[in-house]
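>>> structure here, sequence nowhere to be found:
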């Protein structure tokens, strides 16, 4: 009882001060100066974003304070409070330790207390105790602390710029607009910040696209549907992605990258809310459709935006970062969802609560993005099909499409049916293991992309396709013999080959088209990829109606091996320019 009483007192005091300081930043309560005053405070400390930054910081403190007061979602409260107060630590770090000199004493105490509550939990007298959310493993508290500190580092890197100290420059700034310069600093990220924010946002949204994968078996048991319904739930995600790519894939070439990125993040927020509501197959279908639309909208806009925001000399870097963010996020989703579902409470909800909080942060960063497409002119918007490649790049595109089809077919197989495959064929019934298998596939692909960035696109495609064929053969043998080791080796090789072929194809298409058609051409490449993602799933779903699932899977694997062999033959012939000269 004594420990629970102590934790209650700690929560009440910490929650009150956090919420109170948050209210001071956004209102006139407790002697606050309102949102304008909060904006001035952040501007004076060198932070961009104006009212939006003040609102995010104040809102974060209020949220964390209220959650601590009630002892609800304590890891979320701990991560939020740690993040906000760690940013304050970085501001006051140059002023010493003690509060008399405006040092780090106060925010340091709040950070330590928040981390401590994240580790101990809120105690028996809390909402979490009523919901059965106490007694979580220690690593949950450590993860909350790491998330908060990492978020603080990202905010500092993206939003902070030193305040000008030269008296003449400061005098000019104040002469031009003494109020506006203090209350509304430039509410856009710089090029480096925009590059990082776009990459992280892309990775986050693709993570959301694969979060449901390990949860299908749980939803199936809860709502009473089988593998055929799982197939359609996954297929509706691909349909949403294709719709967004076809209808709006090249739209950012006309209206700009920023509006499409903001729209995609907001749609993803709506999708996460629907996953939390759940309760029926219809809701899951709508949530997956919105999730696919969000990923489809951001894909070509971010890929083109990264190329425009990049300041370095290596022109391959933006394309590599795009594919790394894409595959990295796709692989992270199943792992996170699998771990949450296997080891934590509320197996189909908690991961989406965390994801929803992250998408809210992503919304703030999306609103702070500058427009990188300087040629965009929304007034000249024309209704047209937003996919297609110029004739001069058609040969390059065809070869890239042939390579990406078997690549994404393999990824689609793993993404939608891995939990059932591992459970039925390999007799492993751990959702975290199923998520780990998909994670390994995608993250090995990320490593392959990083290793291949110094080589020509055609070279890494020609290396990747034979590896892909070998991996598919090993996966097939693993299913036939039910040997986990063979299956694991096939997974690793599959990820490596997929990473090379996907990255090589995207780089080839991106370098073959003019800037004005960049997003449109990239969208066309992803149409081929996303279409391939759905074909094996629908095929297996159809065959499974008349054949055992294992036999249907083997038939599709053999077909994909044949496709990869054809792609290798096609890519052995170099593409030609419109003048007939070969293009490597």
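Sure, I can see it. From a predicted model like this one, the values you see are computed outputs, not experimental measurements. Residues are numbered from 1 along each chain as shown.
>>> what is the least confident helix or strand in this protein?
The least trusted helix or strand in the chain, going by mean pLDDT, DSSP states H and E, turns out to be helix 180-183, with a mean of 34.
>>> buried residues in the helix or strand just after it?
Remark: after helix 180-183, the chain's next helix or strand is helix 191-210, criterion DSSP states H and E. Of the residues in helix 191-210, those buried by neighbour count under the rule 16 or more other CB atoms under 10 Å are 193-210. Where you see a C-beta, it was placed from the backbone N, CA and C, and this is true even at glycine.
>>> and stretch 131-149, by the same measure?
Counting neighbours by 16+ other CB under 10 Å, one finds that the buried residues in stretch 131-149 are 133, 134, 136, 140, 141, 143, 144, 145, 147, 148, 149.
>>> and the two most separated of those?
Checking the buried residues of stretch 131-149 against each other with CB to CB, the farthest-apart pair comes out as 134 and 149, at 23.6 Å.
>>> where along the stretch 351-500 of the chain do the helices fall?
Using DSSP state H, counting those that start in this stretch, the helices of the stretch 351-500 of the chain run over residues 394-425, 431-452, 457-481, 484-512.
>>> out of these, the one nearest residue 264 is which?
helix 484-512 (18.6 Å).
>>> output the contacting helices and strands for the closest one.
helix 281-309, helix 316-343, helix 394-425, helix 431-452, helix 457-481, helix 518-543 (3 or more CB pairs under 8 Å, 6 or more residues apart in numbering; DSSP states H and E).
>>> any idea how many residues pack against the residue nearest to residue 413 when sequence neighbours are not counted?
Spatially, and ignoring its direct neighbours in sequence, residue 413 is nearest to residue 536 (5.3 Å; CB to CB, 6 or more residues apart in numbering). The number of residues packed near residue 536 is 26, by other CB atoms under 10 Å.
>>> list the residues that contact residue 536.
If you count contacts by CB atoms under 8 Å, 6 or more residues apart in numbering, residue 536 has them with 409, 412, 413, 556, 560.
>>> closest to residue 69 out of the helices and strands packed on helix 484-512?
Using CB to CB as the criterion, the shortest distance between residue 69 and these is 25.2 Å, found for helix 316-343.
>>> list the buried residues for that closest one?
By neighbour count, and taking 16+ other CB under 10 Å as the criterion, the buried residues in helix 316-343 are 316-342.
>>> packing partners of it?
When contacts are defined as 3+ CB pairs under 8 Å, 6+ apart, helix 316-343 packs onto helix 191-210, helix 281-309, helix 350-368, helix 394-425, helix 431-452, helix 484-512.
>>> how about the residue nearest the centre of the chain: what's its closest non-neighbour residue?
Relative to the mean C-alpha position of the chain, the nearest C-alpha, by CA atoms, centre = their mean, is the one of residue 204, at 1.2 Å. Excluding the flanking residues, the one nearest residue 204 by CB to CB, 6+ apart is residue 362, at 5.4 Å.
>>> from residue 56, how far off is the one you found?
Taking CB to CB, to the nearest Å as the criterion, residue 362 is separated from residue 56 by 12 Å.
>>> check residue 223 too.
In this structure, residue 223 lies at 36 Å from residue 56, with CB to CB as the measure.
>>> settle it for me: which of those two has more neighbours?
The residue with more neighbours, out of residue 223 and residue 56 and counting by other CB under 10 Å, is residue 56; that gives 24 against 14.
>>> what's near enough to touch residue 261?
Residues in contact with residue 261, defined by CB under 8 Å, 6+ apart, are 198, 201, 297, 298, 301, 302, 305, 366, 369.
>>> what's the most distant pair in those?
The widest separation within the contacts of residue 261 (CB to CB) is 14.1 Å, between 297 and 369.
>>> before we move on, back to that, closest one of the contacts of residue 536 to residue 293?
In terms of CB to CB, no member of those lies closer to residue 293 than residue 412, at 18.0 Å.
>>> who are the contact partners of residue 120?
Residue 120 makes contacts with 7, 141, as judged by CB under 8 Å, 6+ apart.
>>> go again with 10 Å.
Under the criterion of CB atoms under 10 Å, 6 or more residues apart in numbering, the neighbours of residue 120 are 3, 6, 7, 10, 74, 78, 134, 138, 141.
>>> isn't the fifth one up against residue 115?
No - between residue 74 and residue 115 no contact is recorded; they are 11.4 Å apart, counting by CB atoms under 10 Å.
>>> hey, what's in contact with both of the two?
Counting by CB under 10 Å, 6+ apart, the common neighbours of residue 74 and residue 115 are 141, 144.
>>> shaky segments in the stretch 301-450 of the chain?
For the stretch 301-450 of the chain, the stretches flagged by pLDDT under 70 are 377-388, 415-421, 423-426.
>>> can you tell me the closest non-neighbouring residue to residue 494?
Leaving aside its sequence neighbours, residue 494 sits nearest to residue 471 (CB to CB, 6+ apart; 3.6 Å).
>>> sorry, slip of the keys, the one I care about is residue 521.
Once chain neighbours are set aside, the closest to residue 521 by CB to CB, 6+ apart is residue 513, at 4.2 Å.
>>> what about the residue nearest to the centre of the chain, distance to residue 464?
When distance is defined by CB to CB, residue 204 is 26 Å away from residue 464.
>>> check residue 371 too.
Residue 371 is 35 Å from residue 464, where distance means CB to CB.
>>> more neighbours: these two, which one.
Set side by side, residue 371 and residue 464 show unequal neighbour counts under other CB under 10 Å, the larger going to residue 464 at 30 against 16.
>>> the more buried one against residue 504, yeah?
Yes - when contacts are counted by CB under 10 Å, residue 464 is listed as touching residue 504 (6.5 Å).
>>> anything in contact with each of the two?
Any residue near both residue 464 and residue 504 by CB under 10 Å, 6+ apart counts here, and that gives 403, 407, 448, 449, 452, 571.
>>> the fourth one - nearest residue in space that isn't next to it in sequence?
Once flanking residues are discounted, residue 449 sits nearest to residue 503: 4.2 Å by CB to CB, 6+ apart.
>>> residue 404 versus the one you found, what's the distance?
Applying CB to CB to residue 503 and residue 404 gives a distance of 10 Å.
>>> now for those two: what residues contact both?
The contact sets of residue 503 and residue 404 overlap at residue 461 (CB under 10 Å, 6+ apart).
>>> returning to that earlier point: list buried residues within the contacts of residue 536.
Judged by neighbour count, with buriedness set by 16+ other CB under 10 Å, the buried members of these are 409, 412, 413, 556, 560.
>>> make JSON lines out of those residues and add distance to residue 265.
What follows is the buried ones among the contacts of residue 536, written out as JSON lines (distance: CB to CB, whole Å):
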{"residue": "409", "distance to residue 265": "29"}
{"residue": "412", "distance to residue 265": "25"}
{"residue": "413", "distance to residue 265": "29"}
{"residue": "556", "distance to residue 265": "34"}
{"residue": "560", "distance to residue 265": "33"}
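>>> of those residues, closest to residue 233?
Set against residue 233, the nearest of those by CB to CB is residue 412 (13.4 Å).
>>> residues near residue 562, how many?
By other CB under 10 Å, 13 other residues sit near residue 562.
>>> wait, I meant residue 102
By the criterion of other CB under 10 Å, residue 102 has 13 neighbours.
>>> for it, give me the pLDDT.
What the model reports for residue 102 is a pLDDT of 75.
>>> do residue 563 as well
Reading off the model, residue 563 has pLDDT 92.
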